[in-house]
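Q: Need a 3D model of the following:
(2 chains)
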2 protein chains.
Amino acid sequence: MSTFSQSYPMSGGDDQHSYIHNSTYQKAAMDGVEEKAKQYILEKFDLLTLNPDLSTFRIADFGCSIGPNTFHAIQNIIDAVKLKHLKESQENSLVSSLEFQVFFNDQSNNDFNTLFRTLPTSFEQEYLSVGVPGSFYGRVLPKNSIHIGTTSCTTHWLSGVPEQVFDKKSPAWNKSYIYCNNLIEEVTKAYKDQYTQDMSLFLKARAEELVPGGLMIMLGLYLPDGVAMYETWPGIVKDTMGDCLQEMAKLGITSHEKIEMFSMPLYFPYFSEVKGVIEENESFTIELMETVRHPLEAAELTNDFMISTYRAVMPTFIEKHFGNGKVDELFNRLAKKFSEHPIDFEKCKKQMIYYVVLKRK
Amino acid sequence: MSTFSQSYPMSGGDDQHSYIHNSTYQKAAMDGVEEKAKQYILEKFDLLTLNPDLSTFRIADFGCSIGPNTFHAIQNIIDAVKLKHLKESQENSLVSSLEFQVFFNDQSNNDFNTLFRTLPTSFEQEYLSVGVPGSFYGRVLPKNSIHIGTTSCTTHWLSGVPEQVFDKKSPAWNKSYIYCNNLIEEVTKAYKDQYTQDMSLFLKARAEELVPGGLMIMLGLYLPDGVAMYETWPGIVKDTMGDCLQEMAKLGITSHEKIEMFSMPLYFPYFSEVKGVIEENESFTIELMETVRHPLEAAELTNDFMISTYRAVMPTFIEKHFGNGKVDELFNRLAKKFSEHPIDFEKCKKQMIYYVVLKRK
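A: I've put the predicted structure just below:
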């Protein structure tokens, strides 16, 4: 399958539109489930079997972006491993110290400068941190080198957009829709195939990078059966962005041709699709596989919150495609539309969260 | 000893004043000696003794800045290790593949974004690269994790400026000089003590990070016995910068007080000082210790070249101390001075290069 492979970093820096200040939605998803990882590590993760001479414990966050969520996720894992290590050392009368090395991975155009400059003091003082540039759909770390890997709200970002959605002659042509809203079955199929291929590559790479017995903790968004993206509020936001772009095209600020050549590299799978691709990779046992509601899905979100959240994750590739200055125009129009016609959250279908802990065989 | 500890990255980005485009002087120093490292690795470095099950070979460049010199230095080491690995594998009828993981270390305000974006294609495709933020005067990597470390033209940048050089009541007061030009004995002593302390910490940290049998390759500038910095062209450049700052103070662009509180965290040791601090650290054997002339020291350097080289390494901390817009003013004045009164290179005393290969006991 050929795709327009691109790289889509979150908004860098730390200004009002940055991911740093607008990642509460992702954080809320993590808060709901992180206690589960902690419990699993304390009760079932066996450090001694992993390696009795273990002196450096290596943790990687795949698709870390620029914090603060990545620091939070890593700290949570480290706290649990430290507790477990203390417990195992006491039980086995061992005196060994454990150094932590944390690998922050994201694409090479991620804002690593900001990531490094905003490392929490505890990280600077207690852990050895490194940045790992490169797409997590391939190998980014040596074989057998990582003890715990984690990824949160990342793998719905595909490696690229399937080419046929831009092809007017293809049944998978996405017309002037700007993302996979599940309205055209063949488009959904093309996106789904891309997702499956990407996830296979993700799991294959992680299987090589993890040590035997190592854990891969994955948190992501999915669509409950029978729900289509255009029925969810994130879907409505993107369809409304599409409407705004159409207005801009009518005014000559952009063109219909440009819109037809734009589609977001996003796919939110059904749970069975997540499960299917994980089971197909035979390098892992599934230790935990749960689904939970997103804590913020039940709340009435404000327009400001929604728009800030989207501005933090989307401007780079919108600007790249539509040109300088178009991001402000688009988001101003979006804000105006939602202030005139607020989303009726009660009527929206909900996305859900899956939480998976895999163990490397 | 208390110091004003600060961080002084090279100029980031890739514009005309960036370190990327103005690091030829440092590159020339490396070119002269890298063949020696290659030879040593081929003839004496024993990969099998290091670890017969070696699958990941880890190389670190301490104080890498933003290339291209770091890429060049690392490629040189990798080429040699690959050759040696092939040779050892053939001799011992082993079939093993070796993955390379390269650790690029520099202070956390180094421009890692540019470093990652300019990684040569060979690195992106063949090696696993990571960035390591943090001062190399402390631990930045796990114990026993690095097989070859390297550092080039870095350790003359001290961890900070000794406080007493700013103290009017101290015999080590540096008056209005802006660096250690060796005119005041007590100032030289204060800087020398700082250098010795810093280098001890550097070597202590590297001794912990290197595996037994691992190599530390160090290249640096030193002053031949009897030579003072103010007699060398780099010394003359800095003293002339001091003159320019005095002129700027007279015109009210900066103040004499500001100049008196400014001193560069630079110390160029005598060879005996380098040797002394290395020998004092008992974790290494000295495999190679040579001195060579800097290939460009014999050449007539152009004003443009000199000024570009200095602009690439100094603006961050000049701007931080003297404020916005002062860097251009200072370097314009410097350029004017040298076009009116060119440096007589024949009369200048020369700095020299030391090249050391240490083996971790």
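
Q: Report the beta-bridge partners for A:L221.
A: Judged by DSSP bridges, the bridge partners of A:L221 are A:I353.

Q: List the contacts of the closest residue to A:N182 other than its chain neighbours.
A: In space, and not counting its chain neighbours, A:N182 is closest to A:A228: 3.7 Å by C-beta to C-beta, 6 or more residues apart in numbering or on different chains. C-beta: built from backbone N, CA, C; applies to glycine. Residues in contact with A:A228, defined by C-beta atoms under 8 Å, 6 or more residues apart in numbering or on different chains, are A:181-183, A:235, A:349.

Q: Now do whichever strand or helix holds A:I236: distance to the chain's middle.
A: When secondary structure is defined by DSSP states H and E, A:I236 falls within helix A:233-250. Mean C-alpha position of helix A:233-250 versus that of the full chain (C-alpha atoms, centre = their mean, to the nearest Å) differs by 23 Å.

Q: Show me what counts as buried in stretch A:71-79.
A: For stretch A:71-79, the neighbour count (16 or more other C-beta atoms under 10 Å in any protein chain shown) marks A:71, A:73-78 as buried.

Q: quick revisit: which residues touch the helix holding A:I236?
A: With C-beta under 8 Å, 6+ apart as the test, helix A:233-250 has contacts from A:176-179, A:181-182, A:228-230, A:254-256, A:258-259, A:262, A:264, A:301, A:306, A:310, A:322, A:326, A:329-330, A:333-334, A:337-338, A:343, A:345, A:348, A:351.

Q: got the residues of chain A near chain B?
A: Counting by C-beta under 8 Å from any C-beta of the partner chain, chain A comes close to chain B at A:55-56, A:99, A:101, A:103, A:108-109, A:111-113, A:116-117, A:119, A:124, A:128-134, A:139-145.

Q: 7 Å instead, please
A: With the criterion set to C-beta under 7 Å from any C-beta of the partner chain, chain A comes near chain B through A:55-56, A:99, A:101, A:103, A:108-109, A:111-113, A:116-117, A:128-133, A:140-143, A:145.

Q: Narrow these to just the buried residues.
A: A:56, A:99, A:101, A:103, A:108-109, A:111-113, A:116, A:128-133, A:140-143, A:145.

Q: from the contacts of A:A228, which would you call buried?
A: Among those, the ones that count as buried (16+ other C-beta under 10 Å) are A:181-182, A:235, A:349.

Q: Can you name every helix or strand that the strand or helix carrying A:K359 contacts?
A: Using DSSP H and E, A:K359 maps to strand A:352-360. In terms of contacts (3 or more C-beta pairs under 7 Å, 6 or more residues apart in numbering or on different chains; DSSP states H and E), strand A:352-360 is packed against helix A:34-44, strand A:210-222, helix A:271-280, strand A:284-293.

Q: Okay, angle between it and strand A:284-293 too, please.
A: 160 degrees (axes from the mean of the first three to the mean of the last three C-alpha atoms, to 10 degrees).

Q: Alpha carbons only: can I get strand A:352-360 in PDB?
A: Output in PDB follows, covering the C-alpha atoms of strand A:352-360 (Å, rounded to 0.1, in the frame of the first residue of the first chain):
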ATOM      1  CA  MET A 352     -13.800   5.000  24.200                       C
ATOM      2  CA  ILE A 353     -10.300   4.200  25.600                       C
ATOM      3  CA  TYR A 354      -8.600   0.900  25.400                       C
ATOM      4  CA  TYR A 355      -5.800   0.000  27.900                       C
ATOM      5  CA  VAL A 356      -3.500  -2.900  27.100                       C
ATOM      6  CA  VAL A 357      -0.500  -4.300  28.900                       C
ATOM      7  CA  LEU A 358       1.500  -6.800  26.800                       C
ATOM      8  CA  LYS A 359       4.300  -8.900  27.900                       C
ATOM      9  CA  ARG A 360       7.200  -9.900  25.600                       C
END
